[in-house]
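J.: would you be able to build a 3D model of this:
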Amino acid sequence: MVIDEFEFTNQGGRSYNEDSIGSKQDGEGGIFVVADGLGAHQFGEVASACVRDVLLEDWHPGETDRQEWIKTQIAEANKRVLAIEKEKRSVLKSTVVALAIDGERAVWANVGDSRLYYLHRSEIRSITEDHSVAYKKYKAGEITREEIAQDEDQSCLLRSIGGEDRNEPDIHCPDVPLEAGDAFLLCSDGVWEYVKDEEILIDFLKAETAKDWAELLLLRLMDRIDGKNDNLTLLTLMLK
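T.: Numbers count the residues shown, from 1 in each chain. As a prediction, the model looks like this:
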């Protein structure tokens, strides 16, 4: 299979961009990362860049236990962010969502509220769960899924990179091999706040390439953002 991938990041309505995005490919595999530095803390862009770089730097194809590998890399990223905190005498925090592909195998992990959407056979098969108070409210039936984005507790995260605890990732892998036609969307909250799950699927079904898909999603965002919106970052990936 061939991996068709497109990356986009923008500061949105903020004075600077605290999101980081990156990927590394080889053959039929690769590592793909979106990290979002938390704006309530200093050096958010430093934290997110550190997380991204740690995940990219140690990518090697053919790992026998990719779930353990991605868990280890996220733990290492947390360790390095803590070291920067000590150096700068400040608090640094970041979310992360990362996808690792080895041929027909995929593993992904998330900490915080950056998301991954997995599309299989023309339907959204899986979406990561946010580590936020608002998402807990949704799971408890207090608000609807669409209300997560506007909830007053949407930015109150229960897990993040950059702490001695509450930094563990959720790790997922599909129960079927990847196929040509499968796709993934990785994005920060500055994107998913403005698009519905069904719109993500609709735009995917209209698109021929990963870039087409991203552009259709961004057109929706442009109609909905108010100029004061958060940084927005997305990575689209299609298997062909």
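
J.: hey, let's count contacts and neighbours off CA atoms from now on
T.: OK.

J.: how near is the closest residue in space to residue 113 that isn't next to it in sequence to residue 112?
T.: Computed as C-alpha to C-alpha, 6 or more residues apart in numbering, the closest residue to residue 113 that is not its neighbour in sequence is residue 130, at 4.4 Å. Applying C-alpha to C-alpha, to the nearest Å, the value for residue 130 to residue 112 is 6 Å.

J.: list the buried residues for whichever strand or helix holds residue 23?
T.: Of the helices and strands defined by DSSP states H and E, residue 23 is found in strand 19-26. Of the residues in strand 19-26, those scored as buried under the neighbour-count criterion (16 or more other C-alpha atoms under 10 Å) are 19-23, 25.

J.: list of residues touching stretch 156-168?
T.: By C-alpha atoms under 8 Å, 6 or more residues apart in numbering, the surrounding residues in contact with stretch 156-168 are 47, 75, 77-79, 81-82, 91-96, 111-113, 131-134.

J.: in strands, which of those appear?
T.: Secondary structure assignment (DSSP state E) places 94-96, 111 from the contacts of stretch 156-168 within strands.

J.: quick one: which of those residues is most hemmed in?
T.: Of all the ones in strands among the contacts of stretch 156-168, residue 94 has the most neighbours under the rule other C-alpha atoms under 10 Å, reaching 34 neighbours.

J.: which strand residues bridge it?
T.: Listed beta-bridge partners, residue 94: residue 37, residue 161 (assigned using DSSP bridges).

J.: what residues are up against it?
T.: The contact partners of residue 94, taken as C-alpha under 8 Å, 6+ apart, are 35-38, 44, 47-48, 51, 112, 160-162.

J.: how much space is there between it and residue 101?
T.: 23 Å.

J.: so how far is stretch 107-127 off the chain centroid?
T.: How far stretch 107-127 lies from its chain's middle: 9 Å, per C-alpha atoms, centre = their mean, to the nearest Å.

J.: mean confidence score for that stretch?
T.: This predicted structure assigns stretch 107-127 an average pLDDT of 97.

J.: end-to-end on it?
T.: The straight-line separation of the ends of stretch 107-127 (C-alpha to C-alpha) is 13 Å.

J.: show me which positions of it end up buried.
T.: Neighbour counts over stretch 107-127 (16+ other C-alpha under 10 Å) mark 107-120, 124, 127 as buried.

J.: what does stretch 134-142 give?
T.: Judged by neighbour count (16+ other C-alpha under 10 Å), stretch 134-142 contains these buried residues: 134-138.

J.: ditto for stretch 1-12
T.: By neighbour count, with 16+ other C-alpha under 10 Å as the criterion, the buried positions of stretch 1-12 are 3, 5-12.

J.: nearest to residue 188 among the residues you listed?
T.: Comparing these against residue 188 with C-alpha to C-alpha picks out residue 9 as the nearest, at 9.5 Å.

J.: list the contacts of the closest residue in space to the closest one that isn't next to it in sequence.
T.: Here the nearest residue to residue 9 in space, its sequence neighbours aside, is residue 233; by C-alpha to C-alpha, 6+ apart that works out to 4.2 Å. Applying C-alpha under 8 Å, 6+ apart, one finds that residue 233 lies in contact with 7-10, 19-21, 34, 187-188, 190-191.

J.: equivalent analysis for residue 10, please.
T.: Residues touching residue 10, when contacts are defined by C-alpha under 8 Å, 6+ apart, comprise 17, 231-233.

J.: how about residue 173?
T.: So residue 173 contacts 105-108 (C-alpha under 8 Å, 6+ apart).
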